[in-house]
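[1] With the input below, show me the fold.
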Amino acid sequence: MKKFLSFVEIQTKLATFFPFLAALAYVFYSVGNINLVSTLLYIPAALLLDMSVTAINNHLDYREENLEPHYSNWAGFFIILLMLTISAILSLYLVYLHGFTLLIAGAFCFFIGITYTFGPAPISKSPYSEVASGFVAGTVIMFIVTTINNPSFRPLGLFFNYSEMFLMAAIDLPALIGFGLITLPATFAASNISLANNICDAEKDRTFRYTLVHHIGTSNGLKLFAALYYAAYLAIVIASILGLIPLWSLTTLLTLIPVQRNIRLFYKKQVKSETFVPAVKNFVMIMLVYTLSMAIGGILYWI
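    Here you go, the predicted structure:
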């Protein structure tokens, strides 16, 4: 079990867990209830997919760096395939319950998850790793969780008529933009975990990974690191003013003080063993307060 938990890096799954909780808090604030059955089905589906991606990444990286892998090729392949299969079955059942839109969102997660570390040109070695990881961990996860819990949530709808083989798309632009604004704190904070990792590994990766930091340089990478946090706070302020989330969400601004302290620490030194952890702490602080503030707003509104 210890070897397996190391293989899937269970301690890194906060990037999936907190956007999930934030989406639940937002749903509760919006409609006052949670679809417990669908939520309980979603948790293992999302967790197993995230664990599979990490396992693929570790299995390939250990061989690339000539380190002893956790498992043999066949054992590692079997474990990854089993996790992906269970995740796919649960996901397809959720699609059956909640519609075709969920299939597209879920398929997108599977596609990004697999191609993030696998294939001739993995996303993790490209300039798009921060965008991909942040968008999936923040926006897409919150979109899926909100979709399975709120039947009236349809900013992006895909409807398929099986008898006539007819596909129709409907987009509610104001609702889609508003929801995107709500997800930006999770998206930007998650993106910064990937960005901080790539900044710390900039020298080591220079010869075989062409990440965003490779193209824009460490100095600009640090500026982007800070700017994404400030943009996350700005999104919270705008969403609160527009009434998309409760005014209680403004309490998330209090985390700016420790977040700013961690930004300064990272500016001074970019060493993974010493200063990468503050990026994870920033993510946890922002998302924890953001989630709790929306939950409190929902409780005060509905109870």
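[2] neighbours of L156, just the number please.
    Using other C-beta atoms under 10 Å, L156 has 18 neighbouring residues. Every C-beta, even on glycine, is put in place using the N, C-alpha and C of the backbone.
[3] isn't it right next to I171, touching?
    Yes. In terms of C-beta atoms under 8 Å, L156 counts as a neighbour of I171; the distance is 5.7 Å.
[4] Give the buried residues for the helix or strand hosting L40.
    Taking DSSP states H and E as the criterion, L40 maps to helix 36-64. Neighbour-count burial for helix 36-64 flags 38-39, 41-42, 45-60, 62 (criterion: 16 or more other C-beta atoms under 10 Å).
[5] on contacts alone, who are the packing partners of it?
    In terms of contacts (3 or more C-beta pairs under 8 Å, 6 or more residues apart in numbering; DSSP states H and E), helix 36-64 is packed against helix 2-7, helix 14-31, helix 73-98, helix 100-115, helix 141-149.
[6] Kindly export the first one (C-alpha atoms) in PDB.
    The C-alpha atoms that make up helix 2-7 are tabulated as PDB, following Å, rounded to 0.1, in the frame of the first residue of the first chain:
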ATOM      1  CA  LYS A   2       2.800   2.400   0.900                       C
ATOM      2  CA  LYS A   3       4.400   1.800  -2.600                       C
ATOM      3  CA  PHE A   4       1.100   2.300  -4.300                       C
ATOM      4  CA  LEU A   5       0.400   5.600  -2.500                       C
ATOM      5  CA  SER A   6       3.900   6.800  -3.500                       C
ATOM      6  CA  PHE A   7       3.200   5.600  -7.100                       C
END
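[7] and the residue lying closest to D50 once chain neighbours are set aside, what does it touch?
    Excluding its sequence neighbours, the residue lying closest to D50 (C-beta to C-beta, 6 or more residues apart in numbering) is T16, at 4.8 Å. Contacts for T16 (C-beta atoms under 8 Å, 6 or more residues apart in numbering) come out as A46, L47, D50, A137, I141.
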